[in-house]
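*Asks:* below: sequence and its predicted model.
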Protein chains: 4
Amino acid sequence: MPVLTRLVPSPLVVDVRSGALDHLGEVLANPGIASTGRIAVAVSNGSGATLRQRLAPQLPGAAWFTVEDGTLDAAVKLADQIKGGHYDAVVGLGGGKIIDVAKYAAARVGLPVVAVATNLAHDGLCSPVSTLDNDAGRGSYGVPSPIAMIVDLDVIRQAPARYVAAGIGDAVSNISCIADWELSQRETGEAVDGLAAAMSRTAGETILRHPGTIADNDFLVALAEALVLTGISMNVAGSSRPASGACHEINHALDILYPERKGQHGEQCGLGAAFATYLRGDLPVAGQMVAALRRHGLPVTADQIGFSEEEFGKAVQFAPQTRPGRYTILEHLDLSPSAIRDAYSSYVKDVCS
Amino acid sequence: MPVLTRLVPSPLVVDVRSGALDHLGEVLANPGIASTGRIAVAVSNGSGATLRQRLAPQLPGAAWFTVEDGTLDAAVKLADQIKGGHYDAVVGLGGGKIIDVAKYAAARVGLPVVAVATNLAHDGLCSPVSTLDNDAGRGSYGVPSPIAMIVDLDVIRQAPARYVAAGIGDAVSNISCIADWELSQRETGEAVDGLAAAMSRTAGETILRHPGTIADNDFLVALAEALVLTGISMNVAGSSRPASGACHEINHALDILYPERKGQHGEQCGLGAAFATYLRGDLPVAGQMVAALRRHGLPVTADQIGFSEEEFGKAVQFAPQTRPGRYTILEHLDLSPSAIRDAYSSYVKDVCS
Amino acid sequence: MPVLTRLVPSPLVVDVRSGALDHLGEVLANPGIASTGRIAVAVSNGSGATLRQRLAPQLPGAAWFTVEDGTLDAAVKLADQIKGGHYDAVVGLGGGKIIDVAKYAAARVGLPVVAVATNLAHDGLCSPVSTLDNDAGRGSYGVPSPIAMIVDLDVIRQAPARYVAAGIGDAVSNISCIADWELSQRETGEAVDGLAAAMSRTAGETILRHPGTIADNDFLVALAEALVLTGISMNVAGSSRPASGACHEINHALDILYPERKGQHGEQCGLGAAFATYLRGDLPVAGQMVAALRRHGLPVTADQIGFSEEEFGKAVQFAPQTRPGRYTILEHLDLSPSAIRDAYSSYVKDVCS
Amino acid sequence: MPVLTRLVPSPLVVDVRSGALDHLGEVLANPGIASTGRIAVAVSNGSGATLRQRLAPQLPGAAWFTVEDGTLDAAVKLADQIKGGHYDAVVGLGGGKIIDVAKYAAARVGLPVVAVATNLAHDGLCSPVSTLDNDAGRGSYGVPSPIAMIVDLDVIRQAPARYVAAGIGDAVSNISCIADWELSQRETGEAVDGLAAAMSRTAGETILRHPGTIADNDFLVALAEALVLTGISMNVAGSSRPASGACHEINHALDILYPERKGQHGEQCGLGAAFATYLRGDLPVAGQMVAALRRHGLPVTADQIGFSEEEFGKAVQFAPQTRPGRYTILEHLDLSPSAIRDAYSSYVKDVCS
C-alpha cells in the first residue's frame, strides 16, 4: 500500500506581532494571496475609516467597502458589491463582526479571505465558521477558513478591553468542549479526533494558565495563537465539535431566547464552560476557569452578564435544542428545570464564592 | 494565483488515553495505516517482550523485531530485516529510542510508521526527525513523521519517571526555540512561519504552566499532546527550526563533546533553554522555566546533569558549530569563553538560587 | 540534518485504459478515497446525463449534481450543495470545466477530489490549479490536486476532437515553460527545481515527438500520462512555475483582453509556446512545435484562433501584467509594441511558412 | 474521512546542466544534505583522481575514498571505511559502478547518498536498486534512492560514448517493461500502478523519439531526466516492476550464463526490449526501438553484442528463472527452445533488416 499522509487545511500566513500592519502590503502580495494587489477590503464604518486612511497608501490596488453591521444582510450585500470586481482576495479588517461578514461574503463569491483582526473577541477569526445575526437571532454558517490571519499587537492594545478579553472566554471554553467530546466517546461511541482535540485543548489550557493580562504582548500573542489553533482544530475535525460543546449550546440558547440582551460570544461561552465543567463534576478545573475568567474581568455568573438565575436556567434547559445531535454533559444529565436551578446555585456557591 | 488552502501533513490518528493499547489492533486496521494487518513491530529486548506477549493476540498479522539499542546500526539492521517482507506499516512500540529506530527504518524501506510510545521522553515521538547514536555521538536524520501516534496513559505511568519528565524539558524548550527564530527574523531577515511558531510555542507554554505532575492523567495528556503539536510544527516549517534553537545546539554539543556522559535529550534541552532564555535577557521566563523544570525534578544547572562549569562552557562555545546556518542567541552574542563563564555564573546566581 | 527522502504529494490512483469507467466503483472504494461509497458526483447538464445513467448502478452511494458551466459561480454553488452532505469525496466527471469546478468545490469543503476525465483539454485534470470563468474573464485558483485521475480511452475517443487536441498544446507548452524558468535562473538567480523541470519537460517532449494521433490509443495514453506528470510537477514546485511561462501569460492576456472570443486554454498556450520559443531564439524547437501543433490541427498563428495581428500584439504586451513576479522571455526582452509586431511577423514568416 | 494524499519518495535535488560540478559544493551544503560539509566521496581509481583534484578545493570537509571496482566486496569495504567517520552523506562521483557501490555502502552505514554521475549508462543512477558483481555473477540489491542527482553535461560529453549510449537502451526498455506489466494485469490480475507506469513509459518514449544524439546538450538533458523519472517510478511502485520486464530477465540471464562476456546493462536491456516487443507482436514499436538503438550505435542483434544465436536463445529460455514471480511475455508464451530460435530469426529478419 502506498505511503499516505493526512492533510490539514491551514492558513498560509499567520503574522502576529507589533507593527504587523506596517507589513500588510507585503504579506498580501504573497504569491498565493493576491500577488497582483487586487483586493477587496471590508471595514467598519467606525474605526474602519481611520484604518483605511492609514493603510490605503500601502495598498494601491485595494477597493474599500464599508460594512454596516454583523448581519447576514450586510454579508450578502458585501458579496454583491465585490462580485464582478475582479479581486484576488477579500480582506476583513476589523473585529470579529467584520471578519465574519468578510468570511461569508468571500465564500459567496468564491475568493480566499484574509483576516486582519483588530480585536481578539472570539475564535471565529481563523475558523471555518461565520456567525452572523439574522432574523432568528444568530446563525452559524460553514465557510472556508481564512488563508491568512494578521494580528498587529499595537492595534489590539487600542481595542476596547472587553473585545479582547472575550476571546479568553472562548479559548478557555475549549477545555470543556473536549471534555464533552470525550464524554460522548465513552457514552455514545462517537469518534474523537485526537489531533483536533490536541490542538483545541492545548490552546485552551495555555490561556487558562497564562499569568499575563491583555496589556502584555506575550499574553496577546498567546491568545491570538490559541485562537488560530482552535480554528485549525475545526478544520481537522471537519466540524465545530472541538470548539463547541455544552458551553456553546448555552451561548446559543441565550442568543436565541434573549436576542436583545446578547452578551459577547466569548463571555457567554466562558461562563457556560465553567458551569458545564462543574456539571461534569470537575470542580478543580471549574475553579481554575472561574479564577482565570475573573482575573481578566470576565463574567462567571449569570447576573454579571445581565441574566437572572431563572433566565439562565431556561437557557440551560433550551440549550440542547440548539445543536440537535451533539452529545454533551447537558444531553447526558438531561436535568429537570429544578435540577438545573439547584445545580446552578451549587455552582455559584461552590465555585464562585 | 490565490490559493484556497494550505495543507499541513499531519498524523491520521492521535490516540492518547488510558487503555489505548487495548484498541491498538483496531487503530492499525484503519484504512491508510495497515488495513491488511501486515505490520512489522519493533520492540526493545527488555520491556518489549512483555508488550509483545500482551499485544500479540490482537495483532495476528504482526512480525516482531527486537531492536538492540538506539543506534544507527540498529536502525539499518531493522530496515534490512523488514525490507522485502511486504508489510503495510512499521510500528515502533517503546520509548523514544525504539521509535527513532522505527522511524528511520521505515523511511529507509518506504513504509509509514506508527509510534506507540511507552514513555514521553522527547518530541521525536511524532516528528520528522530521528535521533540516533552513531560513531560520532548522536546524529539527527530527516524522516517522514509518524502516520499515527498512540499513547496509553496506563503504560506511561509505569515508565521510569525520568523518561517521562525529560519530555517536559523538550516541550518547554520550544519557547526558547521560537524566541531564537524571532530574533533571527529581526536580525537576519529570516522568515518565521507564524503557524509553526503558534503550534510550537503554544505547546511549550501549556507545559511550562501546567500545575500537574507526571502522576496525573491530565498532565500526561497535556504533555503527549504538546509533543504531537511540536512534531507537526516541524512539518509546517519543513525543518526542525520551530523546535530547535540555541538549547538544541547546546544539547548537540554536549552529546558530541562528552559522548559517554550523555544526559537525556530533554534534560539537556531544558537546561539549555533556561540558559538561552537568560542570555536573551528574558529573566522572568528563564525563572519560570527553572521553576517548572525543578518542580518536575529536571536539572537546571550543569552539575545536576554531571558536567562541570568548564565542560558546560566549552559546550556552549562549540554549540554553534553543530548547526551551521542556524541563527540563535549564541550566534548573535558570539560570546568569548570568559563571557560564557560569566554569563553562566550569573544565570546560576540570578535564576537558580 | 541529512534528510532521508523527499516526499512528493501525488495521486493515489492513475487509471488510464479502455474501459476504465467499468471499474470506477472499485477504484473509488479504495481506502483513502471513498471507502464508504458516499460520493458527490459533479456532471455537466449535457453529456453528464448519459454518463449518470450508465454509472449510477455501479455507484449506489453517489449523489449527483449538475454543473451549469465552468464558472466560479457554479463552483461556489456546488460547494454549497455538497457542504454538510457527509461525503467521502467529490468526483468531477466530465471535461476540463467540470473537473475544475469539482476541484474548486472540493477544496472549499475540504474533501478529496477525483478527476474522471471525458476529454484531455488541459493539464488541470490532475494539477493543483482550478481555472474558472469569473466576471473578469478567467481566474486561476490554487487547490489540492486530485487524489485519483481516471481516463477511459473509449470515452475520450468519443469526445469532440478539439477538446482532446487542446491538451496537446498545453503539454507541448511545458518545454517553453521550463526554458523560461531556466532563463530566469540565469538572469535573476531564481532557483529551478530540477525534479519539477524533469517531470514537466519530459512530458512535453514526449507529446512533441509522438508520431500518433488522437485516434490512437497509444497516443491518448501518452497524452493522459503527460498531463498527469505535468500536474505532479506543480506539486513538486509548490507553484504553477513548471507549467506556466510566457505562453501562459499570453494565454491569460488573451482571456482578459478578449473575453468573448476565448480560444481554448491549450490552443492559446500552444501558440504562445511556439512564439515564446521563437522569441528565445530557439528556431529548431519553435519549428518542431509548429509542426506538431499543425499535425494535430491546432492553431499556430493568431488569425487561426480568431485574433488579428494587432490584437495578438496587444496581448503579448499586456501578458507580463497577468503574473506579476514571474520572469519569462517577455519580461527579459521587454519589447516595445513595434518590436512585438516585428517579432510576430518574423515568427510567421520563419517558422509557420 | 480525513483528506489524504500519497507521498512519493523523490530526490531533494536534481541538477542537470553544463557546469553543474562548479556548483557541487553549494548543492551539497543544502540543509537536508550535508550542511556541515562532512561528506565521504567515493571515486574510481582511474578518472576519479582527476575529479578529486578539481573538486577538492570546493569540498574542504570531504574525505575521499577510492573504489576498486563495481563488486559487492568493494561496496562492503567502502562501508567499513566510511563507518565511524561522522559523515552527513556519501557522494558517489563517477559512472554507474561507482554510484552503485556508493548507494550500497551508504545504505549499510545508514547515510543518504548523492549521485554525481559522470556517465549515463543506466537507470540505477537515481533508483532504489544497486547492481553489483558478486560470486554468482551480478546481483541487484534494494537500497534507498539517492537524495540528490547531479549531472554535469560538460563531464558527460567527455565520457566514453558507449557509457552514455547504454543509458538509451535502458530508458527505451521501459516501454517494454510497462507493456509486460499491463500484459500481466490482463492475464494474471496483477495490479498496475498507473502513476509508476506513467513515469516510466513517458521517460522511455521521450528517449525513443528524441531526434538528438549524445553530442547534443538537449538530448543529454532528456536522457538524464528520463533516468531520474525511471528511478522515481520504482519508488512509486515499491519494486523494480516499472523498469524491469522480459528485457531485464534476458539481461540477467546473459550476465549469469556468460559472466565473462558481459555487455553493458543498457545494451543488453535495449536488445532485450526490442526482442520482447517483437514477441508481444508489436512490430511497429519493435521497429522504432531498433531504429533508435541503431541510430545511437547500440546493438540490436545478439551477434553485435558478442553472442551467437544459440547462446542468446539459451539466455531467453533461462530468463524467467532470474525473476521468479514476475510475469512477462516470456512467461506468457512459455516458448520451447526451437520456438525461441524461430522467433529470434523472424525478429532479425522482420525488424532488423
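*Replies:* Sure thing, it's come through.

*Asks:* can you tell me which residues in the stretch 1-150 of chain A are near chain C?
*Replies:* Applying the criterion CB under 8 Å from any CB of the partner chain, the portion of the stretch 1-150 of chain A that neighbours chain C consists of A:1-5, A:7, A:9, A:31-32, A:35-37, A:83-86, A:88, A:107-110, A:128, A:142, A:144. Every residue, glycine included, has its C-beta placed from N, CA and C.

*Asks:* could I get the full set of strands for the stretch 51-200 of chain A?
*Replies:* In the stretch 51-200 of chain A, the strands defined using DSSP state E, counting those that start in this stretch lie at A:62-67, A:89-94, A:113-117, A:129-134, A:137-142, A:148-152.

*Asks:* check the residue nearest to residue A:282 when sequence neighbours are not counted and give its pLDDT.
*Replies:* When the adjacent residues along the chain are set aside, residue A:282 lies closest to residue A:179, with 7.1 Å between them (CB to CB, 6 or more residues apart in numbering or on different chains). The predicted structure scores residue A:179 at 98 on the pLDDT scale.

*Asks:* distance of residue A:179 relative to residue A:278?
*Replies:* 11 Å (CB to CB, to the nearest Å).

*Asks:* looking at these two, which one has more neighbours?
*Replies:* A side-by-side neighbour count of residue A:179 and residue A:278, using other CB atoms under 10 Å in any protein chain shown, places residue A:278 first with 25 against 22.

*Asks:* mind checking the SS state of that one?
*Replies:* Recorded secondary structure, residue A:278: helix (DSSP: H, G, I helix; E, B strand; the rest coil).

*Asks:* which residues touch it?
*Replies:* By CB atoms under 8 Å, 6 or more residues apart in numbering or on different chains, residue A:278 lies in contact with A:286, A:343, A:346-347, A:350-351.

*Asks:* what subset of the residues of the stretch 1-150 of chain A next to chain C is also close to chain D?
*Replies:* A:2-5, A:7, A:9.

*Asks:* list only buried entries from these.
*Replies:* Using 16 or more other CB atoms under 10 Å in any protein chain shown as the burial test, these include A:2-5, A:7, A:9 as buried.

*Asks:* from those, which two are the most distant?
*Replies:* The most widely separated members of these, counting by CB to CB, are A:2 and A:9 (21.7 Å).

*Asks:* turn the contacts of residue A:278 into a markdown table, columns for pLDDT, distance to chain B and secondary structure.
*Replies:* Listed next are those as a markdown table, based on pLDDT from 0 to 100; distance: CB to the nearest CB, whole Å; DSSP: H, G, I helix; E, B strand; the rest coil:
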| residue | pLDDT | distance to chain B | secondary structure |
| --- | --- | --- | --- |
| A:286 | 98 | 14 | helix |
| A:343 | 98 | 23 | helix |
| A:346 | 97 | 23 | helix |
| A:347 | 98 | 21 | helix |
| A:350 | 94 | 20 | helix |
| A:351 | 92 | 17 | helix |
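
*Asks:* pick the one among the residues you listed closest to residue D:332.
*Replies:* Checking these one by one against residue D:332 (CB to CB), the nearest turns out to be residue A:286, at 72.9 Å.

*Asks:* any idea how many residues pack against that closest one?
*Replies:* Going by other CB under 10 Å, the residues that sit close to residue A:286 add up to 24.

*Asks:* what do you get for residue A:166?
*Replies:* Residues lying near residue A:166 (other CB under 10 Å) number 27.

*Asks:* skipping adjacent residues, who's closest to it in space?
*Replies:* Looking at residue A:166 with CB to CB, 6+ apart, the closest residue is residue A:266, at 3.2 Å.

*Asks:* buried residues of stretch A:339-347, list them for me.
*Replies:* By neighbour count with 16+ other CB under 10 Å, stretch A:339-347 contains the buried residues A:340-341, A:343-344, A:347.

*Asks:* contacts for that stretch next, please.
*Replies:* Taking CB under 8 Å, 6+ apart as the criterion, the residues outside stretch A:339-347 that touch it are A:274-275, A:278-279, A:286, A:302, A:309-310, A:312-313, A:316-317, A:333, A:335.

*Asks:* biggest separation within these, which pair?
*Replies:* A:286 and A:310, at 21.8 Å, using CB to CB across the contacts of stretch A:339-347.

*Asks:* where in chain A is pLDDT low?
*Replies:* With pLDDT under 70 as the threshold, chain A has low-confidence stretches at A:1.

*Asks:* distance of the spatially most central residue of it relative to chain D?
*Replies:* Nearest to the geometric centre of chain A sits residue A:123, at 2.3 Å (CA atoms, centre = their mean). For residue A:123, the distance to chain D under the criterion CB to the nearest CB, to the nearest Å works out to 21 Å.

*Asks:* tilt between the longest helix anywhere in chain A and strand A:113-117?
*Replies:* Taking residue count as the measure and DSSP state H as the definition, the longest helix of chain A comes out as helix A:161-188. Compare the direction of helix A:161-188 with that of strand A:113-117 by axes from the mean of the first three to the mean of the last three CA atoms, to 10 degrees and you get 120 degrees.

*Asks:* other SSEs contacting helix A:161-188?
*Replies:* Using 3 or more CB pairs under 8 Å, 6 or more residues apart in numbering or on different chains; DSSP states H and E as the contact criterion, the secondary-structure elements in contact with helix A:161-188 are helix A:194-209, helix A:217-237, helix A:246-257, helix A:265-279, helix A:283-295, helix A:329-333.

*Asks:* tell me what the fifth one is packed against?
*Replies:* This means helix A:283-295. Identification of packing neighbours for helix A:283-295 by 3+ CB pairs under 8 Å, 6+ apart yields helix A:161-188, helix A:194-209, helix A:265-279, helix A:337-351.

*Asks:* for chain C, what's the nearest residue on the stretch 1-150 of chain A?
*Replies:* Using CB to the nearest CB, the point where the stretch 1-150 of chain A gets nearest to chain C is residue A:86, with a distance of 3.3 Å.

*Asks:* isn't that residue right up against residue C:136?
*Replies:* Yes: in this structure, residue A:86 is within contact of residue C:136 by CB atoms under 8 Å, at 3.3 Å.

*Asks:* anything in contact with each of the two?
*Replies:* Listed as contacting both residue A:86 and residue C:136 by CB under 8 Å, 6+ apart is no residue at all.

*Asks:* still on that earlier bit, dump the strands of the stretch 51-200 of chain A to JSON lines, plus mean neighbour count and distance to residue A:171.
*Replies:* Putting those into JSON lines (neighbours: other CB atoms under 10 Å in any protein chain shown; distance: least, CB to CB, whole Å) gives the following:
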{"stretch": "strand A:62-67", "mean neighbour count": "20", "distance to residue A:171": "25"}
{"stretch": "strand A:89-94", "mean neighbour count": "29", "distance to residue A:171": "20"}
{"stretch": "strand A:113-117", "mean neighbour count": "29", "distance to residue A:171": "14"}
{"stretch": "strand A:129-134", "mean neighbour count": "20", "distance to residue A:171": "15"}
{"stretch": "strand A:137-142", "mean neighbour count": "17", "distance to residue A:171": "18"}
{"stretch": "strand A:148-152", "mean neighbour count": "27", "distance to residue A:171": "14"}
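
*Asks:* all set, thanks.
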